[in-house]
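> My questions are about this predicted structure, shown below with the sequence.
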Amino acid sequence: MIHQYLGLSAILFALGTYGVLTRRNAIVIFMCIELMLNAVNLSFIALSHHLGNIDGQIFVFFVMTVAAAEAAVGLALMITFFRNKESIDVDDVNLLKW
Amino acid sequence: METLLFYPVALLAVLSGFLVVKCKNPVHSALALVLTFFCLALLYVALHAPFMAAIQIIVYAGAIMVLIMFVIMLLNLGTAVTTRTTHAVLGGVVCGLLVLFTSYHFISKSEVTGASGEMTAAVVEQVGHTELIGQALFTQFLLPFEIASILLLVAIVGAVVLAKREV
């Protein structure tokens, strides 16, 4: 059963990667990153169940903490950027581009 | 029983994950993402991790997605019709497939072995999942737990400073 869980995790991670690389809306990219984090969480919990070890679930706990912090800071950045440029298209984020 | 639950839920998770990537309207993407989170929470219950399922729904589907929906509606983003050029989409497809094939290779060609620990499903059922997590968090993982609280404090302060009108 572990292989199916890891396979689902791989599919979701690949979907997230595809979304991050193809979408231009910063919020959608952000949601695709959340999808990738969740795919990793699924493989952590599946392996934790398979190996009979609780440590993987502690890792999931910390991944969720970091995702919450990332959501707060990332969305604040997007609001600031939208205020300056009236857009959250990532192609407009070129202030540091040489 | 577990297989019977797994395949429909996994199919739904993949479909809604695909919708997250493909929907033009960000609000639809966000709703599809909530559906993915609920499917994953169901799978966590099947994996004998009910506490993780609970915080998946409360923190992810609850707090983070509400925050994202709030920002989408605050910024009043319409349906963006602009898409990337063909070679960028091609690059995205190639990278996604590469990730998929690499992980498929590793999963199919290898056995997940290793010393089976003492936290079997029976122990988790008997002691209680939340209690086991709590014991591990407050003994073995106490320092990372405290660091996580500092991280959240820094994130709160950072978000307020960034989103303030005049920095």
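Right, received. Where do you want to start?

> What about the nearest residue to A:A26 once chain neighbours are set aside, how many residues nearby?
Spatial nearest neighbour of A:A26, chain neighbours left out: A:I88 (4.3 Å); criterion: Cβ to Cβ, 6 or more residues apart in numbering or on different chains. To be clear about C-beta, it is placed using only N, CA and C from the backbone, and glycine gets the same treatment. As a burial measure, A:I88 scores 25 neighbours (other Cβ atoms under 10 Å in any protein chain shown).

> Tell me, what's the model's pLDDT at A:I88?
Here the pLDDT value assigned to A:I88 is 83.

> ok, so what distance separates it from B:H105?
Applying Cβ to Cβ, to the nearest Å, the value for A:I88 to B:H105 is 37 Å.

> Then A:F62?
28 Å.

> Between the two, which is the more surrounded one?
Neighbours per residue (other Cβ under 10 Å) separate A:F62 from B:H105, with A:F62 holding more: 16 against 11.

> contacting residues for that one?
Going by Cβ atoms under 8 Å, 6 or more residues apart in numbering or on different chains, A:F62 touches B:P144, B:A148.

> Quick check, the residue nearest to A:A26 in contact with B:I72.
No - in this structure, A:I88 is not within contact of B:I72 by Cβ atoms under 8 Å, at 9.7 Å.

> residue nearest the centroid of chain B?
The residue lying closest to the centre of chain B (Cα atoms, centre = their mean) is B:F37, at 6.4 Å.

> Secondary structure element holding it?
Assessed by DSSP states H and E, B:F37 sits inside helix B:26-46.

> Quick one: list the elements packing against that helix.
helix A:2-22, helix A:26-51, helix B:2-22, helix B:50-55, helix B:65-75 (3 or more Cβ pairs under 8 Å, 6 or more residues apart in numbering or on different chains; DSSP states H and E).

> By residue count, what's the longest helix in chain A?
Using DSSP state H, we find that the single longest helix of chain A is helix A:55-85.

> and A:G7, what does it touch?
B:S103, B:Y104, B:I107.

> do the helix or strand harbouring B:L143 and chain A meet?
Following DSSP H and E, one finds B:L143 within helix B:142-163. Yes - for helix B:142-163 and chain A, the contact criterion (Cβ under 8 Å from any Cβ of the partner chain) is met by B:P144, B:A148, B:L151, B:L152, B:V154, B:A155, B:I156, B:G158, B:A159, B:V160, B:L162, B:A163.

> What does the pLDDT read for the closest residue to A:F59 other than its chain neighbours?
The spatial neighbour of A:F59 that comes closest, neighbours along the chain excluded (Cβ to Cβ, 6+ apart), is A:F44 at 5.4 Å. You'll see A:F44 listed with a pLDDT of 94.

> can you check B:E166 too?
pLDDT at B:E166 comes out at 64.

> part of a strand, is A:K97?
No - counting by DSSP: H, G, I helix; E, B strand; the rest coil, A:K97 is located in no strand; its state is coil.

> quick one: it and chain B, what's the gap?
16 Å (Cβ to the nearest Cβ, to the nearest Å).

> Now for that residue: which residues touch it?
No contacts exist for A:K97 under Cβ under 8 Å, 6+ apart.

> List phi and psi for it.
Dihedral pair for A:K97: phi -80, psi 140, per degrees, to the nearest 10.

> Quickly note the distance from it to B:Q56.
38 Å.

> and if you look at B:L5?
For B:L5 relative to B:Q56 (Cβ to Cβ), the value is 16 Å.
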